[in-house]
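Trainee: What would the 3D arrangement of this be:
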Amino acid sequence: MDAHNPSSAWRASLALAWDSDLVYHFRHTPSAWVALVVALACGMGALLAP
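Mentor: Numbering: from 1, shown residues only. Now for the predicted structure:
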């Protein structure tokens with residue numbers, strides 16, 4: 001990893017997070033995706049409410 005390239009460090013940390021157990025199980029669990037969509041819909045509704 002190149003210490004002088006912030007993009008390289010960002011890419012390495014993103015790859016490390018993508019390979020984590022938490023993200024692996026989230027990617028392979030359909031109910032987690034449904035929960036994410038519902039949470040995002042609730043959050044957007046709260047932000048866009050008058």
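Trainee: next one: phi and psi at A46?
Mentor: Per-residue torsions, A46: phi -70, psi -40 (degrees, to the nearest 10).
Trainee: if I look at it, how far off is A35?
Mentor: Using CB to CB, to the nearest Å, A46 is found at 16 Å from A35. Yep, even glycine has a C-beta here, placed from its N, CA and C like the rest.
Trainee: Who has more neighbours out of these two?
Mentor: A35 (12 against 8; other CB atoms under 10 Å).
Trainee: can you tell me which helix or strand the more buried one belongs to?
Mentor: helix 30-48 (DSSP states H and E).
Trainee: Give me the distance from that helix to the chain's centre.
Mentor: The chain centroid and the centroid of helix 30-48 are separated by 13 Å under CA atoms, centre = their mean, to the nearest Å.
Trainee: do the same with stretch 33-50
Mentor: 16 Å.
Trainee: what pLDDT, on average, does it get?
Mentor: If you average the pLDDT over stretch 33-50, you get 94.
Trainee: Can I get that stretch in PDB, CA atoms only?
Mentor: What follows is stretch 33-50, C-alpha atoms only, in PDB (Å, rounded to 0.1, in the frame of the first residue of the first chain):
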ATOM      1  CA  TRP A  33     -31.600  -5.900   2.700                       C
ATOM      2  CA  VAL A  34     -35.400  -5.600   3.300                       C
ATOM      3  CA  ALA A  35     -34.600  -4.000   6.700                       C
ATOM      4  CA  LEU A  36     -32.200  -1.600   5.100                       C
ATOM      5  CA  VAL A  37     -34.800  -0.500   2.500                       C
ATOM      6  CA  VAL A  38     -37.400   0.000   5.200                       C
ATOM      7  CA  ALA A  39     -35.000   2.000   7.400                       C
ATOM      8  CA  LEU A  40     -33.900   4.200   4.400                       C
ATOM      9  CA  ALA A  41     -37.600   4.800   3.500                       C
ATOM     10  CA  CYS A  42     -38.400   5.800   7.100                       C
ATOM     11  CA  GLY A  43     -35.300   8.100   7.200                       C
ATOM     12  CA  MET A  44     -36.100   9.700   3.900                       C
ATOM     13  CA  GLY A  45     -39.700  10.200   5.000                       C
ATOM     14  CA  ALA A  46     -38.600  11.900   8.200                       C
ATOM     15  CA  LEU A  47     -36.200  14.100   6.400                       C
ATOM     16  CA  LEU A  48     -38.700  15.200   3.800                       C
ATOM     17  CA  ALA A  49     -41.600  15.700   6.200                       C
ATOM     18  CA  PRO A  50     -42.800  19.300   6.500                       C
END
